[in-house]
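Engineer: Structure, please.
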Amino acid sequence: MGFCSYESLFCSVNICKRNCLILQACLTVIPAEGFSNGAVCISSIPVMKPGNLFAEALPPAEGERFETLLKHRNLVVERIVSSSAIGPVEYVQTQDEWVLLLEGEAVLEVAGERHELKRGDYLFLPAGVSHSVLSTSQGALWLALHLHDKHLHENS
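Structural biologist: Next up, the predicted model:
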């Protein structure tokens, strides 16, 4: 990986197997050493398709539905849709998690402490700390951010 700069703007540049440059965050392309024109292989730049958190958010008949929206480096972003027919399940995760309740209400127990959440409330769940969802309203909609210690494979 190399770094290029132009008027204090920095970007990371990778050389792909087809000898093209892959820009990760750069406004100005400066030719890499050994490349005369600094051409960028546009098809190699990963682009995420836009989505809508509220689209197709019908709750399952029971339990919760987990959908991965983004998996990048050590970050996983999930949408969780809950039904009101939920049984408490204890989670102890190896990664930190931050949850935002977008719609509905929920009651969680975190390290033995009860938390009542309503629309717009958020909560940080540190790695290794026991937590359970005790109850949710029908169609409760969550956004969950998981922060892992190590990079994950984006395509897994």
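Engineer: domains of the chain?
Structural biologist: Residue ranges for the domains of the chain, per automatic domain parsing: 2-44, 64-147.
Engineer: Where among the ones you listed is average confidence lowest?
Structural biologist: Mean pLDDT per stretch puts domain 2-44 lowest among these, at a mean of 44.
Engineer: show me what contacts the nearest residue to residue 67 once chain neighbours are set aside?
Structural biologist: In this structure, residue 67 finds its nearest non-sequential neighbour in residue 79, 4.7 Å apart by Cβ to Cβ, 6 or more residues apart in numbering. Every residue, glycine included, has its C-beta placed from N, CA and C. Taking Cβ atoms under 8 Å, 6 or more residues apart in numbering, we find residue 79 in contact with 53, 57, 66-67, 69, 141-144.
Engineer: Can you select the buried ones from those in PyMOL?
Structural biologist: Only the buried entries of those go into this PyMOL selection, using 16 or more other Cβ atoms under 10 Å:
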select buried, resi 141+142+143+144
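Engineer: Return the member of the contacts of residue 79 nearest to residue 102.
Structural biologist: Relative to residue 102, the closest of the contacts of residue 79 is residue 141; by Cβ to Cβ it sits at 4.5 Å.
Engineer: Please give the element, helix or strand, for that closest one.
Structural biologist: strand 140-147 (DSSP states H and E).
Engineer: what sits up against that strand?
Structural biologist: Against strand 140-147 from outside (Cβ under 8 Å, 6+ apart): 53-54, 57, 59, 74-82, 93, 95-106.
Engineer: Give the partner strands of that strand in its sheet and their orientations.
Structural biologist: strand 75-82 (antiparallel), strand 96-103 (antiparallel) (DSSP bridges).
Engineer: how about CSV for those, with distance to residue 149 added?
Structural biologist: Listed next are the strands paired with strand 140-147 as CSV, based on distance: least, Cβ to Cβ, whole Å:
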stretch, distance to residue 149
strand 75-82, 12
strand 96-103, 9
